[in-house]
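Asker: Below: sequence and its predicted model.
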Amino acid sequence: GENVEQHPSTLSVQEGDSAVIKCTYSDSASNYFPWYKQELGKRPQLIIDIRSNVGEKKDQRIAVTLNKTAKHFSLHITETQPEDSAVYFCAASMGRGSTLGRLYFGRGTQLTVWP
Amino acid sequence: EAQVTQNPRYLITVTGKKLTVTCSQNMNHEYMSWYRQDPGLGLRQIYYSMNVEVTDKGDVPEGYKVSRKEKRNFPLILESPSPNQTSLYFCASSPRGVSGANVLTFGAGSRLTVL
């Protein structure tokens, strides 16, 4: 099956700085890559996603990039704010056939934004 | 309000005592899935269901059972719980599968402790 690796496991930044979280995947058939944010004691929530036919996607301060050749994708948060502090998970899915329902998560990155 | 409801939210039980964690969604979603979250391991998929009467194994199905007799319900059954099943469990649903426009909606989580 797919293997998703996520780095770093913890990340501390000063408010206003940028944060980057990186993930790699093993199966070239993966074609959908969502990112989830989980605040302390809360459920995961989708913040942005990207499909394999797109190289980059932005939504205000958040962007995701995908390099299919290298099989890695990254989350970029600019102008970080204390409310960005949370655990972030990347995930990968092949989205077809017998694996249509499988979603593989990375181990998470604890992001702390210091005021 | 559109939501995924899990019960119980918290449970302490003993080894070998059968228990069921219920999951219900009111969004007419075809897809439902169970995940467990453990520190440092991220979210791991236990079982998923693409539709009524269709269930498939995820990454860590051992020790768990599921059923999907109705579209809205997807209970997780631990026939003989063991301490290594102590975890935070999330149920999630989406219109169809885990790719593209099928945004996963998570329940609030069920924290299970097996003594």
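Answerer: Cool, got the structure.
Asker: and chain A, which residues reach chain B?
Answerer: Within chain A, the positions lying close to chain B (CB under 8 Å from any CB of the partner chain) are A:1, A:6, A:9, A:31-32, A:34, A:43-46, A:51, A:89, A:91, A:93-96, A:100-108. For glycine as for every other residue, the C-beta is placed from the backbone atoms N, C-alpha and C.
Asker: Please name the residues that touch residue 89.
Answerer: With no chain named, the answer covers chain A. Contacts of residue A:89 were listed using CB atoms under 8 Å, 6 or more residues apart in numbering or on different chains, and they are A:6, A:35, A:36, A:37, A:38, A:44, A:105, A:106, A:108, A:109, B:42, B:43.
Asker: I was thinking of chain B, sorry if that wasn't clear
Answerer: With contacts defined as CB under 8 Å, 6+ apart, residue B:89 is in contact with B:6, B:21, B:34, B:35, B:36, B:37, B:46, B:76, B:109, B:110, B:111, B:112.
Asker: Is it bridged to anything, and to what?
Answerer: residue B:36, residue B:110 (DSSP bridges).
Asker: ok, now the one 5 residues further on?
Answerer: According to DSSP bridges, the residues that bridge with residue B:94 are residue B:31.
Asker: What sits closest to the residue of chain A found nearest chain B if chain neighbours are left out?
Answerer: For chain A, the residue closest to chain B is residue A:95, as judged by CB to the nearest CB, at 3.0 Å. Taking CB to CB, 6 or more residues apart in numbering or on different chains, and ignoring the residues beside it in sequence, residue A:95 has residue B:99 as its nearest neighbour in space, at 3.0 Å.
Asker: I'd say the one you found and residue A:31 touch.
Answerer: Yes: Residue B:99 is within contact range of residue A:31, at 7.2 Å (criterion: CB atoms under 8 Å).
Asker: Which one's more surrounded, these two?
Answerer: Neighbour count, other CB atoms under 10 Å in any protein chain shown: between residue B:99 and residue A:31, residue B:99 has more, with 22 against 19.
Asker: what helix or strand does that one sit in?
Answerer: Under the criterion of DSSP states H and E, residue B:99 resides outside all helices and strands.
Asker: Name all residues that make contact with it.
Answerer: Neighbour list for residue B:99: A:31, A:32, A:51, A:93, A:94, A:95, A:96, A:100 [criterion: CB under 8 Å, 6+ apart].
Asker: Farthest-apart pair in those residues, please.
Answerer: Pairwise distances across the contacts of residue B:99 peak at 14.8 Å for A:51 and A:100 (criterion: CB to CB).
Asker: Looking at those two, which has the bigger crowd around it?
Answerer: Neighbour tally, residue A:51 and residue A:100, criterion other CB under 10 Å: the higher count belongs to residue A:100, 18 against 14.
Asker: Sounds good, over and out.
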